[in-house]
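1. Model the structure of this input:
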Amino acid sequence: MNKIKSIKYSVGLFSFLLVAWGFYRFLFQLPEEIEELIVKPVIWLVPTLFIVFIREKSNLASLGVTAKNIFPALYFALALGVVFAIEGIVLNFVKYGGFNFAANIGDKAIFASLGISFVTGISEELAFRGYIFNRIWQATGREWTSNLVTSFGWAAIHLPVNIFVLGLSPAAIGLNLFLTFIFGVGSALVFARTKNVFSSVFLHVLWEWPIILFR
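-> Now for the predicted structure:
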């Protein structure tokens, strides 16, 4: 595919997600199940798949949806997931002065929350690592430049939830965005090593659960 078009579509998809998801977060706050199982796939996946199938005339394999390297994908995700889990435990201890492993579960069943995490990971990773990072990397041939640029974008797209939903202080927002950026780097790294988007999805779940359980 034409490299200029790849960059154009990637920037266009990112811009759409930044604006659409940002406005959604500003205007609405529906139950998490509705947001993650219905709203997010519509906003994140539909335009991604439209570009892939309609504009590019391509397929899911171009997003890294494949059974190849599935075991390396798991291994890479688990290795980095341990790092994120340690990070979450440390943050939990600092915040609560001890360990509070059910800080954000509330009344939800743990398996229901885990299922939501997987759906969230699929929506976000297909759009960001499978499409935006992958296309920019293919167009430029520069893995780390593409990684850092898209990871900054990944952090930026999480700014609205920090402001409008979580209502964090400026210092807390800065810390959250930094940690989100670090995850973006790790997610793009495992995708680049495996060419399998499920490595990023697995890592996404392993990153999200320390946040859910420990923050």
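
2. Please, which helix or strand holds residue 29?
-> Assigned by DSSP states H and E, residue 29 falls within no helix or strand.

3. Setting aside sequence neighbours, what's the nearest residue to it?
-> residue 165 (6.1 Å; CB to CB, 6 or more residues apart in numbering). (C-beta placed from N, C-alpha, C; glycine too.)

4. got it, and residue 206?
-> Counting by CB to CB, 6+ apart, the residue nearest residue 206 is residue 81, at 2.9 Å.

5. In terms of secondary structure, what does the helix or strand harbouring the one you found contact?
-> Per DSSP H and E, residue 81 falls inside helix 70-96. Counting contacts by 3 or more CB pairs under 8 Å, 6 or more residues apart in numbering; DSSP states H and E, helix 70-96 is packed against helix 170-194, helix 197-214.

6. Enumerate the positions of the longest one that are buried.
-> For helix 170-194, the buried set under the neighbour-count rule, 16 or more other CB atoms under 10 Å, comprises 173, 176-177, 179-192, 194.

7. ok so, going back, could you double-check that the residue nearest to residue 206 lies in contact with residue 207?
-> Yes: counting by CB atoms under 8 Å, residue 81 touches residue 207, with 6.9 Å between them.

8. Between the two, point out the one with more neighbours.
-> Between residue 81 and residue 207, counted using other CB atoms under 10 Å, the more crowded position is residue 207 (27 against 21).

9. For the helix or strand containing residue 10, which helices and strands make contact with it?
-> Using DSSP H and E, residue 10 sits within helix 3-27. Helices and strands touching helix 3-27, by 3+ CB pairs under 8 Å, 6+ apart, are helix 46-50, helix 134-140, helix 143-157, helix 159-160.

10. got the CA positions of the longest one in PDB?
-> The C-alpha atoms that make up helix 143-157 are tabulated as PDB, following Å, rounded to 0.1, in the frame of the first residue of the first chain:
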ATOM      1  CA  GLU A 143      10.200   0.800  14.700                       C
ATOM      2  CA  TRP A 144      11.200   2.900  17.700                       C
ATOM      3  CA  THR A 145      10.200   6.200  16.200                       C
ATOM      4  CA  SER A 146       6.800   4.800  15.400                       C
ATOM      5  CA  ASN A 147       6.600   3.200  18.800                       C
ATOM      6  CA  LEU A 148       7.300   6.500  20.700                       C
ATOM      7  CA  VAL A 149       5.100   8.600  18.500                       C
ATOM      8  CA  THR A 150       2.100   6.300  18.800                       C
ATOM      9  CA  SER A 151       2.700   5.800  22.500                       C
ATOM     10  CA  PHE A 152       2.500   9.600  23.000                       C
ATOM     11  CA  GLY A 153      -0.800   9.400  21.100                       C
ATOM     12  CA  TRP A 154      -1.900   6.500  23.200                       C
ATOM     13  CA  ALA A 155      -1.300   8.600  26.400                       C
ATOM     14  CA  ALA A 156      -3.000  11.600  24.900                       C
ATOM     15  CA  ILE A 157      -6.200   9.700  24.100                       C
END
